[in-house]
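> model the structure of this input:
(2 chains)
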Amino acid sequence: MDPARFTRIDETAWRIEPVAGMRVPAVIFADEDLIRAMDDKVYEQAANVAKLPGIVKGSYAMPDAHWGYGFPIGGVAAFDPDEGGVVSAGGVGFDISCGVRTMLTGLAASDIAPVQKALADQLYRDIPAGVGSEGALTLDAIEMDQMLSGGAAWAIERGYGEAADLARIEEGGSMAGARPDCVSDRAKHRQAREMGTLGSGNHYLEVQVVAEIFDVAAASAFGLALNDVLLTIHCGSRGLGHQIGSEFLKEMAVAATELGIDLPDRDLACAPLRSELGERYLGAMRAAINCALANREILGHIARQAVRRFFPQARLDLLFDVSHNTCKAETHIVDGSPRDLYVHRKGATRAFGPGHPSLPEPLCSVGQPVLIGGSMGTASYVLVGTAASEEKAFSSACHGAGRAMSRHAALKRWSGRKVIDDLAAQGILIRSPSNRGVAEEAPGAYKDVGAVVEAAEHAGLARRVVLVKPIICIKG
Amino acid sequence: MANLASVQSAELVRKAPVGGPGWEHFAHGADIGVRGYGPSLEEAFEQATLALAAAVTDVPVVPKIAVTVVCEAPDNELLLVEWLDAIIYEMAARRMLFGRFSVTIRGRRLYGTAWGESIQPRHAPACEPKAATLTELKVFRDSAGRWTAGCVVDV
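Prediction:
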């Protein structure tokens, strides 16, 4: 994008002044290089979001923003139900509550080295990954509804997880207000055999090593030290979330006219928060959040069992579990007063600062861990939420690197086999059912995640704590 | 009913011959656009679905099992999304891949058949379609009478 199209607020904040139907300004957080590299569609989509009814304060885009569906990926927007505010299925996305969970293994890189290959093979055998894979669990109708109401807490009750995990999952592991009765039979049927599956595309399980520490105090509070081994899972609500997203997107697109909503883009399909359709979507979406939380809990359990085959004493405590495709009811300070808002984060991570009441000790005194996924072979980051982020973008930060090139372009440039061999030469073991999938997800197809998190830190959205590098990656 | 002989995925080229049926992919950030062309609306829909199938695997899919679907929408564009979503649903729920499609449209209703087989390791699917989107959603007939149908698919 041409930086001249914006009012530059500071080094890392760029404002689109409210014109042509925009109710509030749009603000993109990025450095100048990221702005120049960003798709013009981000400008258009961030401006379109600013036109939706009931939007409060601004339409925001994170440093990793790219062209999405209605909302940009990396988009954040809050709506006030008392001012006709809306909920948008496109503003949450199809992979509802897609997110990242990181566990501390208590092991050091030197512990893994002798068993790295065997551990990679074990994880690949145990974690159902790729298109068409099935979980060990098949849910009947009653259990499906219990899972959709209970989330990670349901998984733990079933023996797939540890009770101590709940305090370190957003919403305490169980999203309130979920309504399984608002979830279609097709969505439930699509999910019946997908519990505890990783999925495909950019979803992964990684074994990682802490390679650099930026903030010693926060790292210590998070239990992170140099050369520590972490285990990170990136996936979401699987077929259930995809089905809910697509069904409500179409229903909202058709209903928008009847509801008197003038959509600048059909993909922005939405419904008033206080409408039958809006409430039904919120109930279904919250059920999908629980599905994602349960799914990551089960995957975490399978991963723990795999690691304990090699290291029976390994603790594998949960550092945190964050989602980056959600709409959540939150209280935020706007112009000095608290307001109850519905915050959409599409490809953006909640990033509560120190003192937030939802955080358990010792996290509360330092802030929420913000988990930023890289891509195979590139670094990931753990950030921490800051007090300033509340004022900047409703306590939100980036979620990953974002793609730099299309799947087709990646496929033309790289062969999956060569990517796997090259990464193996760097000490990174990839296991995947699809060489083509690996080529499409090649590390070079993604932007520099380092530049993204640096911009997020400079903008005051979150602060870098540690950088981690992968040594094993299970790709769907 | 469209000519099924024209829609064998293994035989297709990405760019359509002038006036004839064909399909292509187009780039969209992290995802992929699918677009079909044809002398009729039905054939354009079939071709767009072949583009969807080819986004998942380029290994030939054997047409062992036929699955029929019926869907309905208030306009042609939303009908394309409904149809692609129906195929994505059948792929996920049945753990199948499809390589051949037939579409008949009567008014606002679509009657479709997809032929395929259970997913095998040899297919090595590259990605999992989550849903068809309304982004770049276009269904139209050009001045020469040729139909185009396409949208971005979230993968």
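
> which residues of chain B score low on pLDDT?
Of all residues in chain B, those with pLDDT under 70 make up the ranges B:1-19.

> just give me the residue closest to the centre of it.
Central residue of chain B (Cα atoms, centre = their mean): B:Thr49, 0.6 Å from the mean position.

> residue contacts, the closest residue in space to that residue that isn't next to it in sequence?
Using Cβ to Cβ, 6 or more residues apart in numbering or on different chains and skipping the chain neighbours, the partner closest in space to B:Thr49 is B:Phe101 (4.5 Å). For glycine as for every other residue, the C-beta is placed from the backbone atoms N, C-alpha and C. If a contact means Cβ atoms under 8 Å, 6 or more residues apart in numbering or on different chains, then B:Phe101 has B:7, B:45-46, B:49-50, B:53, B:87, B:112-115 as its contacts.

> and the residue nearest to the centre of chain B, how far is that from B:Leu41?
B:Thr49 sits 13 Å away from B:Leu41, taking Cβ to Cβ, to the nearest Å as the criterion.

> where do the strands of the stretch 301-450 of chain A begin and end?
Secondary structure of the stretch 301-450 of chain A (DSSP state E, counting those that start in this stretch): strands located at A:317-323, A:325-334, A:337-346, A:349-350, A:369-372, A:380-385, A:396-397, A:429-431.

> quick check: residues of chain B near chain A?
Where chain B comes near chain A, counting by Cβ under 8 Å from any Cβ of the partner chain, the residues are B:25, B:27-32, B:55-58, B:73-74, B:78, B:81-82, B:85, B:88-89, B:92-93, B:95, B:118-119, B:121, B:124-128, B:130-135, B:137, B:152, B:154-155.

> so which of the residues you listed sit within helices?
Among the residues of chain B next to chain A, the residues falling in helices (DSSP state H) are B:55-56, B:78, B:81-82, B:85, B:88-89, B:92-93.

> residues near A:Val466, how many?
Look at A:Val466: counted by other Cβ atoms under 10 Å in any protein chain shown, it has 26 neighbours.

> again, but for A:Ser380
By the criterion of other Cβ under 10 Å, A:Ser380 has 25 neighbours.

> phi, psi for the nearest residue to B:Glu128 once chain neighbours are set aside please.
Nearest residue to B:Glu128, sequence neighbours excluded (Cβ to Cβ, 6+ apart): A:Ser200, at 3.8 Å. The phi/psi pair for A:Ser200 (degrees, to the nearest 10) reads phi -140, psi -160.

> one more: A:Glu361?
Torsion angles, degrees, to the nearest 10, at A:Glu361: phi -70, psi 150.

> burial of it, as a residue count?
9.

> and what of B:Val69?
B:Val69 has 17 nearby residues by other Cβ under 10 Å.

> show me the contacts for it.
Contact analysis of B:Val69 by Cβ under 8 Å, 6+ apart lists B:83, B:86-87, B:90, B:110-114.

> quick check: it is in a helix.
No. B:Val69 is assigned strand when assessed by DSSP: H, G, I helix; E, B strand; the rest coil, not a helix.

> if I look at it, how far off is B:Ala114?
If you measure B:Val69 against B:Ala114 using Cβ to Cβ, the figure is 7 Å.

> between these two, what contacts are shared?
With Cβ under 8 Å, 6+ apart, B:Val69 and B:Ala114 have common neighbours B:87, B:90.

> returning to that earlier point: kindly indicate the member of the contacts of B:Phe101 with the most neighbours.
Neighbour-wise, the contacts of B:Phe101 (other Cβ under 10 Å) top out at B:Thr49, 30 neighbours.

> quick one: residues contacting that residue.
With contact taken as Cβ under 8 Å, 6+ apart, B:Thr49 is in contact with B:34, B:36, B:83-84, B:87, B:98, B:101, B:103, B:114.

> point to the residue nearest the middle of chain A.
Nearest to the geometric centre of chain A sits A:His324, at 2.8 Å (Cα atoms, centre = their mean).

> contacts only, for that residue.
The contact partners of A:His324, taken as Cβ under 8 Å, 6+ apart, are A:98-100, A:345, A:347-349, A:399-400.

> chain neighbours aside, what residue packs nearest to it?
Closest residue in space to A:His324, ignoring its immediate chain neighbours: A:His399 at 4.0 Å, by Cβ to Cβ, 6+ apart.

> and the one you found, how many neighbours?
29.

> next one: the one 4 residues further on
When neighbours are counted by other Cβ under 10 Å, A:Arg403 registers 25.

> surely it meets A:His66?
Yes. In this structure, A:Arg403 is within contact of A:His66 by Cβ atoms under 8 Å, at 6.7 Å.

> what do those two both touch?
Common neighbours of A:Arg403 and A:His66, counting by Cβ under 8 Å, 6+ apart, are B:29-30.

> just the buried residues from the residues of chain B next to chain A, in ChimeraX please.
Here is the ChimeraX selection string for the buried members of the residues of chain B next to chain A, based on 16 or more other Cβ atoms under 10 Å in any protein chain shown:
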select /B:25,28,29,30,31,32,55,56,57,73,78,81,82,85,88,89,92,93,119,124,125,126,127,128,130,131,132,133,134,135,137,152,154,155
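
> now the spatially closest residue to A:Asp31 that is not a sequence neighbour, what's its secondary structure?
Excluding its sequence neighbours, the residue lying closest to A:Asp31 (Cβ to Cβ, 6+ apart) is A:Ala455, at 4.7 Å. Following three-state DSSP, we place A:Ala455 in the helix state.

> identify the bridge partners of A:Gly400.
Beta-bridge pairing of A:Gly400, defined through DSSP bridges, involves A:Gly373.

> any idea how far it is from A:Asn295?
Going from A:Gly400 to A:Asn295 by Cβ to Cβ gives 19 Å.

> who has more neighbours, these two?
More crowded of A:Gly400 and A:Asn295, by other Cβ under 10 Å: A:Asn295, with 32 against 28.

> what parts of the stretch 1-150 of chain A come near chain B?
Contacts of the stretch 1-150 of chain A with chain B, taken as Cβ under 8 Å from any Cβ, map to A:39, A:66-70, A:73, A:90, A:93-95, A:130-132, A:134.

> rewinding a little: so the residue nearest to A:His324 makes contact with A:Arg350?
No. Counting by Cβ under 8 Å, A:His399 stays clear of A:Arg350, with 10.1 Å between them.

> thinking again about what came up before, now render the contacts of B:Phe101 as JSON lines, adding distance to A:Ser110 and secondary structure.
JSON lines is the format used below for these (distance: Cβ to Cβ, whole Å; DSSP: H, G, I helix; E, B strand; the rest coil):
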{"residue": "B:Val7", "distance to A:Ser110": "56", "secondary structure": "helix"}
{"residue": "B:Phe45", "distance to A:Ser110": "57", "secondary structure": "helix"}
{"residue": "B:Glu46", "distance to A:Ser110": "57", "secondary structure": "helix"}
{"residue": "B:Thr49", "distance to A:Ser110": "52", "secondary structure": "helix"}
{"residue": "B:Leu50", "distance to A:Ser110": "51", "secondary structure": "helix"}
{"residue": "B:Ala53", "distance to A:Ser110": "47", "secondary structure": "helix"}
{"residue": "B:Ile87", "distance to A:Ser110": "49", "secondary structure": "helix"}
{"residue": "B:Gly112", "distance to A:Ser110": "57", "secondary structure": "strand"}
{"residue": "B:Thr113", "distance to A:Ser110": "58", "secondary structure": "strand"}
{"residue": "B:Ala114", "distance to A:Ser110": "52", "secondary structure": "strand"}
{"residue": "B:Trp115", "distance to A:Ser110": "54", "secondary structure": "strand"}
